[in-house]
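Novice: Output the structure for:
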Amino acid sequence: MEKYIEKFIRYLDIEKNYSKHTILNYRLDLKDFNKFLGGLELEKIDYLTLRKYLAALKEKNLSTRSIGRKLSALRSFFRFLTRDGYLKTNPILILSSPKQDKHLPLFLTEEEVFRLIESAFAKNEKDERGLRDRAILEAFYSTGMRISELVGLSIPDVDFIAGVIKVMGKGRKERIVPIGDTATAAIRRYLDKRKKQAEALFLNKNGGRITTRGAGNIVKKYIKLAGIKQGVSAHTFRHSFATHLLNRGADLRTVQELLGHANLSTTQIYTHLTTEKLKSVYDKAHPRA
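Specialist: Numbers count the residues shown, from 1 in each chain. Predicted coordinates:
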């Protein structure tokens, strides 16, 4: 099995151009499956084997989301094996995935976002680290970028004149994202104050490119400082970005492009509205409201 897993991983890397993070997750999921097989040969894997693996995953009390992700990796793996002739039939075709629980993404109100961003200047607005933190928070909310996309930014990726940023998204797909004047001004202030010259846009305290963990900790720091509700993370900026755009009249296709979603169905989860927005529309539209 190991040699087939490595062939598949090379396929994802070279032909599909998947990100390192995605490839790592596929590798871990397939290694977990191989461990379950206990040396069973590839040709002997059938529908019953896969059903037993699914039952084993459920016994571990994994979430339906986690189980679904592992099965998705297996579907891609077996599709690759049958396409390239390593298997005659695909044993996973008739296996059903567990029904996914639908969770609406957590998002902040506009007032909460503003309070969170303003908290970055609470201590010392002239401090380099404070300017960096403010710029990171502004960039998150202004663009709706993923945290991995933000930490991967370099200075040449920011067009201060045109007001756009070149973002490297999932699957190493580039997209151009607008960035507001407030965010670009915050980035300029940070770069003007920054002592170390480097290509990376955001640096850590040691002068190296900031990591996803480092950026996540920065957001957590100001969530606590601003007294924002629990459960908020860097990704909440992305949810808030999409929700606020839709609430203010942006169309779904535009938000899809801005977020870098391959499928519109992924973006549709953001069509939920705040209770205040629903009540406002109802009060204006219903004749007996």
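Novice: so which strand or helix has residue 9?
Specialist: Using DSSP states H and E, residue 9 sits in helix 2-10.
Novice: What residues of the helix or strand following that helix count as buried?
Specialist: The helix or strand immediately downstream of helix 2-10 is helix 20-37, counting by DSSP H and E. Burial within helix 20-37, assessed by neighbour count using 16 or more other C-beta atoms under 10 Å, is assigned to 22-23, 25-27, 29-30, 33-34. In short, each C-beta sits where N, CA and C put it, glycine included.
Novice: possible to save those as a markdown table with pLDDT and distance to residue 64?
Specialist: Shown next, in a markdown table, are those (pLDDT from 0 to 100; distance: C-beta to C-beta, whole Å):
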| residue | pLDDT | distance to residue 64 |
| --- | --- | --- |
| 22 | 87 | 20 |
| 23 | 92 | 24 |
| 25 | 92 | 17 |
| 26 | 95 | 19 |
| 27 | 95 | 22 |
| 29 | 96 | 15 |
| 30 | 96 | 20 |
| 33 | 96 | 18 |
| 34 | 95 | 23 |
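Novice: of the residues you listed, closest to residue 145?
Specialist: Using C-beta to C-beta, the shortest approach to residue 145 within these belongs to residue 22, at 17.0 Å.
Novice: how about low-confidence regions in the stretch 101-250 of the chain?
Specialist: Scanning the stretch 101-250 of the chain for pLDDT under 70 picks out the ranges 101-104, 122-126.
Novice: Which SSE is immediately downstream of the longest helix along the chain?
Specialist: For the chain, the helix that runs over the most residues, judged by DSSP state H, is helix 64-83. Per DSSP H and E, the first helix or strand lying C-terminal to helix 64-83 is helix 110-118.
Novice: Which elements pack onto that following helix?
Specialist: Counting contacts by 3 or more C-beta pairs under 8 Å, 6 or more residues apart in numbering; DSSP states H and E, helix 110-118 packs against helix 128-143, helix 212-226, helix 234-247.
Novice: Now do that helix: distance to the chain's middle.
Specialist: 21 Å (C-alpha atoms, centre = their mean, to the nearest Å).
Novice: Which positions in it come out as buried?
Specialist: 112-113, 115-117.
Novice: mind checking how far residue 240 is from residue 109?
Specialist: Distance of residue 240 to residue 109, given as C-beta to C-beta, to the nearest Å: 8 Å.
Novice: Looking at those two, which one has more neighbours?
Specialist: Between residue 240 and residue 109, residue 240 has the larger neighbour count (other C-beta atoms under 10 Å), namely 24 against 13.
Novice: quick one: residue 71 and residue 54 touch, right?
Specialist: Yes: the pair residue 71 and residue 54 passes the contact test of C-beta atoms under 8 Å, sitting 7.3 Å apart.
Novice: In contact with the closest residue to residue 81 other than its chain neighbours: list those residues for me.
Specialist: Among residues not flanking residue 81 along the chain, residue 87 sits closest, at 4.5 Å (C-beta to C-beta, 6 or more residues apart in numbering). With contacts defined as C-beta atoms under 8 Å, 6 or more residues apart in numbering, residue 87 is in contact with 42-43, 78, 81.
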